[in-house]
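Participant: Have a look at this prediction, sequence included:
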Amino acid sequence: MTALLAVASPLAAAGLGLLVGGRSRRAAAAVALAGTSVALVLALLMAAGHPWSDPTATTGMVGVWQPLHLATLVDGLSATVAVMVATVALLVQVYSVAYMRDEPRYASYAAFISLFTAAMLTVVVAGDLLMLVIGWEVMGLCSYLLIGHYWERQEARGAAVKAFLVTKAGDVGFILGVIVLSVTAGSSYVVAVSEHGASSPSTPVTVGTLLLFVGVMGKSAQFPLHAWLPDAMAGPSPVSALIHAATMVAAGVYVVLRLYPAFFASDVTLVVMVLVGSLTMLGAALAALAQEDLKRVLAWSTVSQLAYMVAALGVGGPDAATYHLLTHAFFKSLLFLGAGAVIHAVGSNLMRDMGGLRRAMPVTFWTMTVALGSLAGVPPLAGWFSKESVLGAADRAARGEAGVAAWTGWLVLVVGVVTVAVTAAYVVRLWVRTFLGERRFAGTAHEAPALMRWPLVVLAVPAALLGVLGVSASWLPSWMFPAGTVTGGSGDPAWTVAALRPEPLTVALSLAALLVGGGLAWVAWRRSPAADPADRLGAARPVLLDGFGVDAAYHALAVVPFGWAVRAVRLVDDRVVVPTVQGAGRAAVRAGAGVQRLQRGDVQQYLTATATFVVAAVVLVVVAVAT
Amino acid sequence: VHLVHPLVLSALLFGIGVYGVLARRNAILVLMSVELMLNAVNLSLVAFDVWLQEQLRVGQSLAVFVITVAAAEIGLGLAIVLMVYRNRGTIAVDELTELRERSEDAA
């Protein structure tokens, strides 16, 4: 019940905000903040009240009508993620009050964020796959609306449509996957689908999980459905922080976590997840290295970090994926909010217009430094712990201890360590280009207003310290997974939850990679502080800047054939449909003109006709009666 | 007299009336043909009245009604014909086609 209320309060705030927000900005802000705060309190209650010891009692179901049950699944995992979602949403709402100060469409903006929060919480607490699909689709809608917030700009409109179409392409797979899994399991309850998938692996389960993963690829921006996320940066920065860093893109990973036993039972799906994750991880990190737009660096970095989670899922490390999901949500939303503050101050998205902001914006500088360190994996920040746990899971898989193919573990381990180096390089580049060196912009930059500063400071705390909470298995890990397993129910020992305790081997590897990658970028910058370290990429830079030409491939493989189809449809329309419709109209007019000739105004003719018909009718009736 | 004689006469009168209404061009003659039809009906009404020997004499009463209606009708009809003649200078029925359907392509 708490869970449903937690969904209902931002939903109500969204409706109310749209109603009253048009009249008063202050009312719109108050409604949005109140709704999100109530959701946060309820999420905390949910987390405090969930029955730790008895995982079987964690499912509450409220029957609404026959095909759809508002079933909620409140356990440690969903409560933790719900708290994270509500926290980030509240901070983003607070930040937006200042960030969107001069924005005429603030009311609808705040209402859409509230609606998004409700949808995301629906996905998090859903105990029924159909309910989850509803939240999933509403999130997609809100993402579309908010990316297109500045709809006066062609770029924003295009990005919104692109995001909508690409994620919808994935959602087709997602819905088919939900149908296949539900039909196979005979129930659409999350727990039933998980347990059925785990207890009786079959081809339909494999097909269903693969289809579901297509949807996850769309929402969580994994290759080849990742192309929308970098463009989605056309939306306002707080939207990027909430939707395109912390919550919606992580929802894909979260859905896999919810149904992990079914995914784990299917070797093919695991291998696909590892391949997609590894490819995306490294490719997106390389693309991030070459970007000039501050937010696009962060967007590509998000794609890369999500790929870590997907890869962790693929090598049998759902706990690692969960840790990374949580820490990433905090440090990446902090980075986007910080980027928003920087862009606000400088008036440009491009890093060549920044530089030297360290002195002008100390709070933004220090909080973003913490988050960047967390992203790069500097010990002992939160991101370091969670990334080590991903690499640790890969290491266990490589040693054959995780119940998945050993080569997938090796692949994730190698690609993961290389990606750490690339991540460190783009993090250092972003840091020095934005905050250090000479200032390259005209005018004066000021620190952001208090309403924008405080969310940064609050987010910096979990971005720095969340990992420490996981050092002992009895703290955060057992809090999220009370039964000691990821699924809560009849746990498989393969995913017994480990503490966030990095292993020496992976620590040594990733620290070496961190120093090499970060060091190269640092040295490149020290040699010529005025130049962009990415210039040293040479001929590779345009390719990386372009994201390996995936957009061009989409253009050739999807947009152009679609153009042909459109032309074919137009041809059919012009040659077949239009003549048919117009012909029908003309035929009716001609027939009318023919009938019209009868009406010549000669009354005697009418009478003659009438009399003739009457006589004929009478004769017919008489003849019929007589015979 | 046998019933069939007045009925045959009535049918003949009615037929002549119908022919007059449908075929005559002069509005006055059309009205006269209408009168012929009405009186044909009167004749058959009276004939049936005699044949049926009814207590209430429905046939005769109805004939009186018809005569009244016919008188009113001919009065109105002649007034209309007079107005038409004054306005248009003709009472030829087939020339009075003001109310015909006109259209662009059938013109």
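Facilitator: On my side now, so go ahead.

Participant: Next one: the most centrally placed residue in chain A relative to residue A:229, how far apart?
Facilitator: Per C-alpha atoms, centre = their mean, the C-alpha nearest to the average position across chain A is that of residue A:249, at 2.3 Å. According to C-beta to C-beta, to the nearest Å, residue A:249 and residue A:229 sit 7 Å apart. In this view, the C-beta of every residue, glycine as well, is placed from N, C-alpha and C.

Participant: what's the answer for residue B:27, then?
Facilitator: 88 Å.

Participant: Then residue A:339?
Facilitator: In terms of C-beta to C-beta, residue A:339 sits 15 Å off from residue A:229.

Participant: Chain B: helices as residue ranges?
Facilitator: B:4-23, B:27-52, B:58-88 (DSSP state H).

Participant: Comparing those helices, which comes out most buried?
Facilitator: Scoring the helices of chain B by mean neighbour count under mean count of other C-beta atoms under 10 Å in any protein chain shown gives helix B:27-52 as the most buried, with a mean of 18.

Participant: Show the contacting residues for the residue in chain A that chain B sits nearest to.
Facilitator: At 2.8 Å from chain B, residue A:601 is the closest residue in chain A, using C-beta to the nearest C-beta. Residues in contact with residue A:601 (C-beta atoms under 8 Å, 6 or more residues apart in numbering or on different chains) are B:96-101.

Participant: which residues of the chain score low on pLDDT?
Facilitator: In the absence of a named chain, this looks at chain A. Along chain A, segments meeting pLDDT under 70 span A:1, A:50-69, A:472-474, A:479, A:481-500.

Participant: that's the wrong chain, I wanted chain B
Facilitator: B:101-107.

Participant: which residues does the residue most central in space within chain B contact?
Facilitator: Residue closest to the average C-alpha location in chain B (C-alpha atoms, centre = their mean): residue B:34, at 1.4 Å. Listed by C-beta under 8 Å, 6+ apart, the contact set of residue B:34 reads B:17, B:21, B:73-74, B:77.

Participant: can you narrow the residues you listed to ones near chain A?
Facilitator: residue B:21 (C-beta under 8 Å from any C-beta of the partner chain).

Participant: want to throw the helices of chain B into a markdown table with distance to residue A:269?
Facilitator: Converted to a markdown table, the helices of chain B look like this (distance: least, C-beta to C-beta, whole Å):
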| stretch | distance to residue A:269 |
| --- | --- |
| helix B:4-23 | 89 |
| helix B:27-52 | 94 |
| helix B:58-88 | 93 |
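
Participant: for these, which one sits closest to residue A:455?
Facilitator: Minimum separation from residue A:455 across these (C-beta to C-beta) falls at helix B:58-88, 90.1 Å.

Participant: Relative to the whole chain's centre, how far out is the closest one?
Facilitator: Averaging C-alpha positions (C-alpha atoms, centre = their mean, to the nearest Å) puts helix B:58-88 9 Å from its chain's average.

Participant: go on, stretch A:581-592?
Facilitator: For stretch A:581-592, the distance to the chain centre is 53 Å (C-alpha atoms, centre = their mean).

Participant: What of stretch A:532-545?
Facilitator: On C-alpha atoms, centre = their mean, the centre of stretch A:532-545 falls 28 Å from the chain's centre.
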